[in-house]
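Undergrad: pasting the sequence and the predicted model now:
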Amino acid sequence: MEAGHYKRARVVVTARLRANPKDSYALFLESKIKQSFGDFAGAIASAERAVALEPHNANYHAQLAEVYAFSADQASWLRAINLVHLMKREIAASLAIAPKHTDTLLVSMMFCLRAPKFVGGDKRKARTIAGEIVQSDPNWGYLAEARLLENSGDDAHLEALLKQAIEVNPAHYRALYELARFYCCAAVRKSFSTAESTSRQAMQIDPGRVGAFDLIARVYAATRRWTDLDAILGQAERSVPDDFAPFYQAANILIQDGSDRPRAAAYLRKYLSQEPEGREPTRAQAQSLLSMAAAAK
């Protein structure tokens, strides 16, 4: 799951729970998997069972807090207030067990960043929490601080934080991915060549993850390098045959700039030829994008 292979993990976890429905660790993993596919009610149910079976596990409380937070984003305001209360309870329970628990602090940070003030949102507190993560877990702490700077326009500071994350751990795939994504997709002055080279560094660390392929596909689509684009998509399919996200992302770029909508439509049909991976664009999103490509003919 750390590498984004939720469909593969689902097969393993389902078998494990079939053998032992009270396997708390498998229920914890099942919650993460269901969350990745947008089944927040199912994710809450699995996480609640894991916590009930093993109440002194900080990881389980952190996961339950996270799915409460995600569910609150989509709920009516009355339901959301109750979910926020439950999330805070789980954050407190997790930190009582492990005061520097990284995942819990990340949930708390993101809540403070995104939530309105009347339910506890506090951007200053979010920055304080990110600083705490840097002290206890710099591997993720600098990425947390960088997350707070997204869309701020402070590209120099954001770039520096992402580079610090890589300095802490040069083999940290996520840090390299985020730096490449910055150059490709977030910076005011994009650097496609640097995005490509940084993505290839990540690919060397783990060629079985789709993220680096995804970013290189975006670069080639944006720069209209059609031969290179088809080559990297073919390589991605061979390396990660159960996740066609690079086809979707390339199509999205092509539709945005209107450069080759028939090519984009072909990529989207490829994406729709199998179940989307967890945390990737849904089938409905791909169908909507495909309709846009067809409408522009």
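TA: Arrived safely, thanks for sending. Residues are numbered from 1 along each chain as shown.
Undergrad: using PDB, list the CA coordinates for the longest helix along the chain.
TA: As assigned by DSSP state H, the longest helix anywhere in the chain is helix 77-97. Output in PDB follows, covering the C-alpha atoms of helix 77-97 (Å, rounded to 0.1, in the frame of the first residue of the first chain):
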ATOM      1  CA  TRP A  77     -22.700  20.200   8.400                       C
ATOM      2  CA  LEU A  78     -24.500  18.600  11.300                       C
ATOM      3  CA  ARG A  79     -23.000  15.200  10.500                       C
ATOM      4  CA  ALA A  80     -19.600  16.800   9.900                       C
ATOM      5  CA  ILE A  81     -19.600  18.500  13.300                       C
ATOM      6  CA  ASN A  82     -20.200  15.100  15.000                       C
ATOM      7  CA  LEU A  83     -17.400  13.500  12.800                       C
ATOM      8  CA  VAL A  84     -15.000  16.200  13.800                       C
ATOM      9  CA  HIS A  85     -15.700  15.600  17.400                       C
ATOM     10  CA  LEU A  86     -15.000  11.900  16.900                       C
ATOM     11  CA  MET A  87     -11.900  12.700  15.000                       C
ATOM     12  CA  LYS A  88     -10.500  14.800  17.800                       C
ATOM     13  CA  ARG A  89     -11.300  12.000  20.300                       C
ATOM     14  CA  GLU A  90      -9.300   9.600  18.200                       C
ATOM     15  CA  ILE A  91      -6.400  12.000  17.800                       C
ATOM     16  CA  ALA A  92      -6.300  12.500  21.600                       C
ATOM     17  CA  ALA A  93      -6.400   8.700  22.100                       C
ATOM     18  CA  SER A  94      -3.500   8.100  19.700                       C
ATOM     19  CA  LEU A  95      -1.300  10.900  21.100                       C
ATOM     20  CA  ALA A  96      -1.900   9.600  24.600                       C
ATOM     21  CA  ILE A  97      -0.400   6.300  23.500                       C
END
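Undergrad: the chain should start at 602 in everything you say after this.
TA: Yep, numbering from 602; the last one is helix 678-698 now.
Undergrad: gap between it and the chain center?
TA: Relative to the chain's own centre, helix 678-698 is displaced by 22 Å; criterion: C-alpha atoms, centre = their mean, to the nearest Å.
Undergrad: do the same with stretch 667-684
TA: On C-alpha atoms, centre = their mean, the centre of stretch 667-684 falls 19 Å from the chain's centre.
Undergrad: next helix or strand past the longest helix of the chain?
TA: Remark: after helix 678-698, the chain's next helix or strand is helix 703-715, criterion DSSP states H and E.
Undergrad: between helix 703-715 and whichever helix or strand Asp674 is part of, find me the angle.
TA: Assigned by DSSP H and E, Asp674 falls within helix 659-675. Put simply, helix 659-675 runs at 20 degrees to helix 703-715, going by axes from the mean of the first three to the mean of the last three C-alpha atoms, to 10 degrees.
Undergrad: and helix 659-675, what other elements does it pack with?
TA: helix 625-637, helix 641-654, helix 678-698, helix 703-715 (3 or more C-beta pairs under 8 Å, 6 or more residues apart in numbering; DSSP states H and E). (Each C-beta comes from the backbone N, C-alpha and C, glycine too.)
Undergrad: how is the residue nearest to the spatial centre of the chain assigned, secondary-structure-wise?
TA: Residue closest to the mean C-alpha point of the chain, counted by C-alpha atoms, centre = their mean, is Arg880 at 6.2 Å. Put simply, Arg880 is coil when judged by DSSP: H, G, I helix; E, B strand; the rest coil.
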